[in-house]
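1. quick one, fold the following:
(4 chains)
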2 protein chains.
Amino acid sequence: MGITDRRQRQKEEVRTRILDAAWEIILSEGWQSFSIRKVADAIEYSVPVIYSHFENKDAILLEFSKKGFQLLAEALADAKRGIHEAAEQIRVMGRAYWDFAFANKEYYQLMFGLGIPTCDTASRIPALTDFNHVVMESLVAAAGTGKVPGFDPWLKYQSFWSMLHGLVSINMVSPERAEKPGSAGNHHDRTALPKKVLDDVMCSFIQGLK
Amino acid sequence: MGITDRRQRQKEEVRTRILDAAWEIILSEGWQSFSIRKVADAIEYSVPVIYSHFENKDAILLEFSKKGFQLLAEALADAKRGIHEAAEQIRVMGRAYWDFAFANKEYYQLMFGLGIPTCDTASRIPALTDFNHVVMESLVAAAGTGKVPGFDPWLKYQSFWSMLHGLVSINMVSPERAEKPGSAGNHHDRTALPKKVLDDVMCSFIQGLK
DNA sequence: TAGCTTTGCTAACGGTGTTAATAACAATAA
DNA sequence: TTATTGTTATTAACACCGTTAGCAAAGCTA
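-> Now for the predicted structure:
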């Protein structure tokens, strides 16, 4: 019975075509203006076929959110590969997190857009576990060398992530907000300062581990 | 000519009725489902009158964003009033920031919702300056006692804000994400841990100032 | 009272997510 | 080969949305 197999394959192919078209729209027009109808138009199918592949619009966006976390986890794992000192691992992961966010703005915004992920969606993102592990590993290693009493790796993981996300999202929403009042129009400063802030924050974080 | 005065007053009154109705809708149904038509229905006017008071839907939301920053700046100013030690001022401002965010979720989400504030809106929020001043004051004071070489108050202000916003937004988007895997369903932990993270983060931040 | 300005309305345009009813099709059974 | 079944895709509708053009009503001035 290869028939059902072929049907499965064809169905899968339409599914990926939907995702591809959706992503193209998001990249070119922004995720705000992404719509089911545009996708249907792009893949030359009628609207309801999309609903036979995804429960609703948010389910499509969730798919990208998942993939975003996967890519982020990989980026961090790649960054620290080959580096032995735990503190340095943390430093490069911080930079990698920052770089990922700004190299993949659309992903990052979908991953954290306040309205998009509903409360229960978070538990349905398996890649979050990978992210968790990659970070935690280095944190435990860094603390292990210092022998800090009452060290809570989960707490430090939260701190690490919070700092990075705050830094990124404040600089992503609007560059103006992060600009020094006196240096308006200084384009060099606009990109240089946030990276200095990143270094500063990571530095005092790592200090707090030891 | 008291006629134009009265007209002005009446116009102003409609304006506040629009904002009141809008806020009520946002509180009861969430800002996602807020719509011009619902507001028009609530104030018993037709839709176009709203457009004679506000340029568009976003302009109404921006109004709440502005007020949110104003309230936040006041909350921080209130929190540190009467406290003399700069480090302690920073600590209580951190707590005040956190408390404000969760006591006024709707405001906070409007203030930072990634899709809502466009790039140029940031410069149109005067209360941001107040927020800036209130925080910076204590930062400079805290550093002044320590005499750190190469101290950049603007950089530290960025760090301070970033850490807090990251902490808040990660815990606000979905409580599950911030939960320790092993302690699923432990309701005590769900509220207690983030506050410990807050303390931890603030602690190492203040350490970095001296 | 006639004319002018302001104000508010209806109705429409072009969108959106979502779904019920229906036609077209491919695969099986007689 | 024809009839029957089950799947798939379509049309068309529902109920919304932001926004605006055109028009009627009311208020004020002269």
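
2. only C-alpha atoms from now on, for both contacts and neighbour counts.
-> Will do.

3. so how far is stretch A:42-62 off the chain centroid?
-> Taking CA atoms, centre = their mean, to the nearest Å, one finds the center of stretch A:42-62 at 23 Å from the center of the full chain.

4. quick one: is that stretch near chain B?
-> No: applying CA under 8 Å from any CA of the partner chain, one finds stretch A:42-62 separated from chain B by no less than 13.5 Å.

5. now that stretch: buried residues?
-> Using 16 or more other CA atoms under 10 Å in any protein chain shown as the test for burial, stretch A:42-62 gives A:42-43, A:50, A:53, A:59-62.

6. as a markdown table, those residues with pLDDT, distance to residue A:68 and secondary structure would be great.
-> Formatted as a markdown table, the buried residues of stretch A:42-62 follow (pLDDT from 0 to 100; distance: CA to CA, whole Å; DSSP: H, G, I helix; E, B strand; the rest coil):
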| residue | pLDDT | distance to residue A:68 | secondary structure |
| --- | --- | --- | --- |
| A:42 | 96 | 23 | helix |
| A:43 | 96 | 23 | helix |
| A:50 | 97 | 22 | helix |
| A:53 | 96 | 20 | coil |
| A:59 | 94 | 14 | helix |
| A:60 | 95 | 13 | helix |
| A:61 | 94 | 11 | helix |
| A:62 | 92 | 10 | helix |
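
7. where along chain A do the helices fall?
-> Under the criterion DSSP state H, chain A contains helices at A:2-29, A:36-43, A:47-51, A:57-80, A:86-103, A:105-112, A:127-146, A:153-173, A:187-209.

8. CA atoms of the shortest one as PDB?
-> Below are the C-alpha coordinates for helix A:47-51, written out as PDB (Å, rounded to 0.1, in the frame of the first residue of the first chain):
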ATOM      1  CA  VAL A  47      -7.700  29.100   2.400                       C
ATOM      2  CA  PRO A  48      -9.200  26.100   4.100                       C
ATOM      3  CA  VAL A  49      -6.400  23.700   3.000                       C
ATOM      4  CA  ILE A  50      -4.200  25.600   5.500                       C
ATOM      5  CA  TYR A  51      -6.600  24.700   8.200                       C
END
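
9. got a list of contacts for the helix or strand of chain A with the lowest mean pLDDT?
-> One helix or strand of chain A scores below all others by mean pLDDT, DSSP states H and E: helix A:187-209, with a mean of 78. Contact with helix A:187-209 is made by A:87, A:90-91, A:94-95, A:139, A:142-143, A:146, A:148, A:160, A:163-164, A:167, A:171, A:175, A:178-179, A:183, B:155-156, B:158-159, B:201, B:204-205, B:207-208, as judged by CA atoms under 8 Å, 6 or more residues apart in numbering or on different chains.

10. let's see it at 6 Å
-> The contact list for helix A:187-209, computed with CA atoms under 6 Å, 6 or more residues apart in numbering or on different chains, reads A:143, B:155, B:204, B:208.

11. of all the buried residues of stretch A:42-62, which comes closest to residue A:103?
-> residue A:61 (18.7 Å; CA to CA).

12. deepest-packed of the helices of chain A, please.
-> Each of these was scored by mean neighbour count; the highest is helix A:153-173, a mean of 22, by mean count of other CA atoms under 10 Å in any protein chain shown.
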